[in-house]
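Chemist: got a sequence here, can you model it:
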Amino acid sequence: MLVLGFAIFGLIGIMLAVVAIRSNRRTAMSGDPGKDWLLARRLSGPIGLALGIASYFIWYNLHDNGQTWRVMGFPFFAAAFDPQGSDYVGLTTIPAVIGNFLFFAALPQFVLWATGHRRGRSA
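Modeler: Residues are numbered from 1 along each chain as shown. So this is what the prediction gives:
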């Protein structure tokens, strides 16, 4: 159930990021959105790229039935390693890694949209 919940969260996040990117583009093209907002928008690309690459290195422990699994990927689970070191990867590993990259790469655009959307439009 946890895997499904995180995957739904990731898909909703990617869809909202598309809306945010389009809205940020419209705000940037309309009038004068403000120097601070434009600077933040310019920086959101390199920061998003760095976050997308860093998403590959998200590893954490997950406890299940007294065993500790090492899991890669958030919000999409990409790989798991059992306590003996065996790996569990499959057809969903590559799409999960790509989904995690997209989710984290778009995060700065979403934050920019959520925090500065009204200020950008009114300026």
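
Chemist: which elements pack onto the helix or strand harbouring residue 11?
Modeler: Mapping residue 11 onto the secondary structure by DSSP states H and E places it in helix 2-29. Using 3 or more CB pairs under 8 Å, 6 or more residues apart in numbering; DSSP states H and E as the contact criterion, the elements in contact with helix 2-29 are helix 35-54, helix 93-105, helix 107-122. (C-beta placed from N, C-alpha, C; glycine too.)

Chemist: to residue 9, which of the ones you listed lies closest?
Modeler: Closest to residue 9 of these, according to CB to CB: helix 93-105, at 9.0 Å.

Chemist: so where's the protein shaky on pLDDT?
Modeler: When the per-residue scores of the chain are filtered using pLDDT under 70, the ranges that remain are 117-123.

Chemist: hang on, the earlier thing: next, the buried residues of the helix holding residue 11.
Modeler: By neighbour count with 16 or more other CB atoms under 10 Å, helix 2-29 contains the buried residues 7, 10, 13, 14, 17, 20, 21, 23, 24, 27.

Chemist: now that helix: how far from the chain's centre is it?
Modeler: Distance of helix 2-29 from its chain centroid, counting by CA atoms, centre = their mean, to the nearest Å, is 8 Å.

Chemist: if we can go back for a sec, reformat the helices and strands packed on helix 2-29 as JSON lines; add mean neighbour count and distance to residue 83.
Modeler: As requested, the helices and strands packed on helix 2-29 are arranged in JSON lines below (neighbours: other CB atoms under 10 Å; distance: least, CB to CB, whole Å):
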{"stretch": "helix 35-54", "mean neighbour count": "15", "distance to residue 83": "26"}
{"stretch": "helix 93-105", "mean neighbour count": "19", "distance to residue 83": "20"}
{"stretch": "helix 107-122", "mean neighbour count": "17", "distance to residue 83": "32"}
